[in-house]
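have a look; sequence and predicted model below, questions after that.
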Amino acid sequence: MSEAEDIVNNDDIIQWVTFMLEGEIYGIEVIQVQEVLRVSEIAPVPGSPDYVLGIINLRGNVVTVLDTRRRFGLPDHEITDATRIIIIESADNIVGILVDSVAEVVELTKSAIESSPNVGNDESSKYIAGVATLNEKLHILVDINKLLSEEEWSEVATI
Amino acid sequence: MSATLDTSDEILQDFLVEAGEILELLGEQLVDLEKEPEDMDLLNAVFRGFHTVKGGAGFLALDAMVSICHIAEDVFNILRNGEMILTPDMMDQFLKVLDVLHEQFDEINEGQMPAEADSALLAALTAIKNGETENLASETAAEVTPPDDQVDEELEQMIAEIEEPAEASGDITDVEFESLLDNLHGKGKGPTAKTGKTDSEEITDGEFDNLLDQLHGKGKGPTATPAKADESKSSEDITDEEFEALLDQIHGEGKGPVISKTTSSPVEQNGVAEKKPVKKKKASKKTESKPAEKTEKAEKPAAKKPVATKSPAKPVDTTVRVDTKRLDDIMNMVGELVLVRNRLDNLEASLGNEDITKAVSNLDVVTSDLQTAVMKTRMQPIKKVFGRFPRVVRDLARSLDKEIELVMVGEDTDLDKNLVEELADPLIHLVRNSVDHGIEMPDDREKAGKPRTGKITLVASQEGDHIQLIIEDDGGGMDPDVLRNIAVEKGVMDEESAARLEDRECYALIFAPGFSTKKEISDVSGRGVGMDVVKTRISKLNGSVDIDSNKGIGTVITIKLPLTLAIMPTLMVRVGERMFAFPLTSVSEIFQLEEGTTNVVDGQLVIMVRNKAMPLLYLHEWLVTNPNVEVNTAEQQVVVAHVGNHRVGFVVNAVVGQEEVVIKPLGAVLRGLPGFAGATITGDGCIALILDVPSLMKARGKG
């Protein structure tokens, strides 16, 4: 996880950006979110892995957009008005992830985060940092670094 | 001294930059010197080179480097005094010295303390040195130095002499003495003083006095002051007062910690002016401080020397050393600007407003100029690469017993720094090939009625928006039939297709992987990997290699490269609804696809172009993944691209036109995806993928 998290003690507050995927609430650390975009033209890249939607033009930079649903093993869904691309920065790489909608920023104390209860299928549990309950709703917290881990990249590179 | 070095240390970095330049220069100078062993200027230059490296290394306590430079310097001192004549065997030793220095240099670069040079080499050098002049140390400067020598050399001579007694005295080593000098003078040098040891704890005042005594004992008699007063007159920068302070410092009374900046700076400037006219100047602290150091060192011996030869004018320093990272950033931003201009161009066409048209065309000009100007800042003369060749050719020729003359033309041709670096290996390979395969043995040449000495010509020139490099030899050339046979033997192709190859295509066979005409593998070449790699490397740089040969007359290899890597001319095409960009270097022609002109051969669609069958590939089959998109098959054009030695026609829906694009790398997730060199943003803000034809063929096609 990020360095920031290593230093904080258990009662420090971490902010999470929450987004929806197939009716579930997910969260990613706010510090890793660069911006949230409406869906613009995504240029598909022939030959890329299926969870890569394509590339977009982000103010002159080419940013790869991942289909989070496919990454998490969820069924495909049409792009709607609420669909957003969250631009995240992780280990000097900038990628976008396509999500059903972006909700809000929530604050969670570190102690409120429980380790993953092995919910979800194998595909998604790999990327889950933990879960937390807030307002009686379960928030699934995503570990972005794992989502974009080097192994995945090298796997992509060898395809 | 620790075993590892802090490579982030600024002084070390400066030293590395400077020493790197000097070593490179030395390589050239040494080879030149072999041709003209009595060229005084060259001898002096080489001597100075070794000395400067030694000085810097001594300052940083890189003992191993100091010791080898020291001995090389000694030998060159003898040489330039005309007491010995340079022989090729000696030159072999010197080149070895240079190799060792390069190794040590690399070690330092990696943060390692350089390893001591091979003692056999040192012994060989010592033998050279002692062979003729055992009593060097006892000779005085006056006898040794020809009157026309420049002052600094005399001074260096003095310093070299001073060092000898220091060694002899037993209690103070050469290195200590160096560091003593540096300590002593380091104080005066504001910027560098921080890393110089703040005080010379290792050497007591007594020892220091001792040293001074030796110094002045050696230097003959007269006190420093009168002669120095002379000097102060000649350099109007230094007032008497300041000069007094300086004198104090030199003589140790002023060992008091600080000498004011105002005192030291004129000296520094002065030092730069008088010491470094021969050296390319860059605005680095090191280059400024080093000469200063030397000057200050020089002050002592200067007591006995006339100062008349000082050059009065200080060349104005107009260069700045800039991190290439920063240049890359600027280049990127200019790239953005080019994209915006492209977009404006598009908008302007649709608006049709005259004022806007004017403004846009102005912007057009300015952007192009800016682009060129920024590109120029990244340019380096190809000399950087060419400079290594005399050495390469010489060594190889010697080891192969061939006689070869290397001619280089257009060394000042500028090209992108990245290109210069990337080009080095392929070019060296090609030159080695020319020496090894191209040029025949002297006896064979004589039999063939050619001069014994073979000739290799390297030509660099700028041809429009690309750079052309030609490597030409007057050797045996290649026999297309032999190449055909080898191709069949190695299973590269069957007999029939080999027989059908044109001669030119045969020559291109040597770029095929695993292809070697050499029967035996030497350590020089013959493994059949090289040319393949050369070709790949050059293609990676968006360049092309072409080879032509005439049996018995010679071989010409032509390399074409773009001026820069950041901006690439492309041919924009439309496939389905998407835009793709072909690198223009790989496109050879475009034509309209007419129905009924295609045939199917062995399951492969082909089209006859000038009576030759060319495979035809529909790009949309590969690139349009969405099966719902209806591809308009009525209007189609063929883009002919060359892949290696093959020509392939790609069918596209429309050719949009030529556009200069900025290559944007695909993100980490897509890095290494075959078929694409990157992406770019088109004039209308859309994304176009840049096709990488060879890898596209490899990944999707039958190649």
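Happy to help now that I have it.

what about residue B:10, how many residues nearby?
For residue B:10, the count of nearby residues is 15 (other Cβ atoms under 10 Å in any protein chain shown). Backbone N, C-alpha and C define where each C-beta goes, glycine included.

now for residue B:651, how many residues are close by?
22.

on the three-state scheme, it is what?
With DSSP: H, G, I helix; E, B strand; the rest coil as the basis, residue B:651 sits in strand.

now the phi/psi pair for the closest residue to residue B:348 other than its chain neighbours, please.
Leaving out its chain neighbours, the residue that sits closest to residue B:348 by Cβ to Cβ, 6 or more residues apart in numbering or on different chains is residue B:360, at 4.4 Å. When read as degrees, to the nearest 10, the backbone of residue B:360 gives phi -70, psi -40.

ok, now which ones touch residue B:360?
B:341, B:344, B:345, B:348 (Cβ atoms under 8 Å, 6 or more residues apart in numbering or on different chains).

low-confidence stretches in the chain?
All of this refers to chain A. A:1-11, A:60, A:91, A:116-126, A:148-159 (pLDDT under 70).

try again with chain B
Ranges of chain B meeting pLDDT under 70: B:1-8, B:131-317, B:465, B:513-530, B:564-566, B:624-635, B:644-645, B:683, B:700-703.

can I see the domain layout of it?
Domain ranges of chain B: B:1-134, B:141-321, B:324-378, B:380-562, B:567-700, per automatic domain parsing.

quick one, strands of chain A?
A:13-21, A:24-29, A:33-38, A:52-58, A:61-67, A:84-90, A:93-99, A:101-109, A:128-134, A:137-142 (DSSP state E).

and the contacts of residue B:360, which is closest to chain A?
residue B:341 (12.5 Å; Cβ to the nearest Cβ).

isn't that closest one right up against residue B:367?
Yes: here residue B:341 reaches residue B:367: they are 4.7 Å apart, a contact under Cβ atoms under 8 Å.

tell me which of these two has more neighbours.
Neighbours were counted for residue B:341 and for residue B:367 using other Cβ under 10 Å; residue B:341 has more, 20 against 17.

my read is the more buried one is in a strand, agree?
No: counting by three-state DSSP, residue B:341 is not part of a strand but helix.

sorry, back to before: could I get the strands of chain A as CSV with distance to residue B:22 and mean neighbour count?
Shown next, in CSV, are the strands of chain A (distance: least, Cβ to Cβ, whole Å; neighbours: other Cβ atoms under 10 Å in any protein chain shown):
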stretch, distance to residue B:22, mean neighbour count
strand A:13-21, 55, 19
strand A:24-29, 51, 22
strand A:33-38, 46, 15
strand A:52-58, 46, 22
strand A:61-67, 41, 23
strand A:84-90, 43, 21
strand A:93-99, 40, 22
strand A:101-109, 58, 15
strand A:128-134, 54, 18
strand A:137-142, 55, 19
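
which one of those strands lies nearest to residue B:71?
Comparison of these against residue B:71 by Cβ to Cβ identifies strand A:93-99 as nearest, at 51.5 Å.

okay, the closest one in CSV with CA atoms only?
Coordinates of each C-alpha in strand A:93-99 appear next as CSV, following Å, rounded to 0.1, in the frame of the first residue of the first chain:
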residue,chain,number,x,y,z
ASN,A,93,1.6,5.2,-14.2
ILE,A,94,-1.6,7.0,-15.1
VAL,A,95,-4.6,4.9,-16.0
GLY,A,96,-8.3,5.4,-16.2
ILE,A,97,-10.8,2.9,-14.8
LEU,A,98,-14.3,2.8,-16.1
VAL,A,99,-17.0,2.6,-13.4
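
for it, packing partners?
Contact partners of strand A:93-99 among helices and strands, from 3 or more Cβ pairs under 8 Å, 6 or more residues apart in numbering or on different chains; DSSP states H and E: strand A:13-21, strand A:52-58, strand A:61-67, helix A:68-71, strand A:84-90.

what lies in contact with the first one?
Applying Cβ under 8 Å, 6+ apart, the set of residues contacting strand A:13-21 from outside is A:5, A:8, A:25-31, A:33, A:36, A:68-69, A:72, A:74, A:84, A:86, A:99-110, A:139, A:141.

what does chain B have sitting close to chain A?
B:336, B:339, B:578, B:622-626, B:664-676, B:678-679, B:681, B:685-689, B:699-700 (Cβ under 8 Å from any Cβ of the partner chain).

would you write a PyMOL line that selects the buried entries of those residues?
Buried residues among the residues of chain B next to chain A (16 or more other Cβ atoms under 10 Å in any protein chain shown), as a PyMOL selection:
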select buried, chain B and resi 339+578+622+623+624+664+666+667+668+669+670+673+675+676+678+679+681+687+688+689+699+700
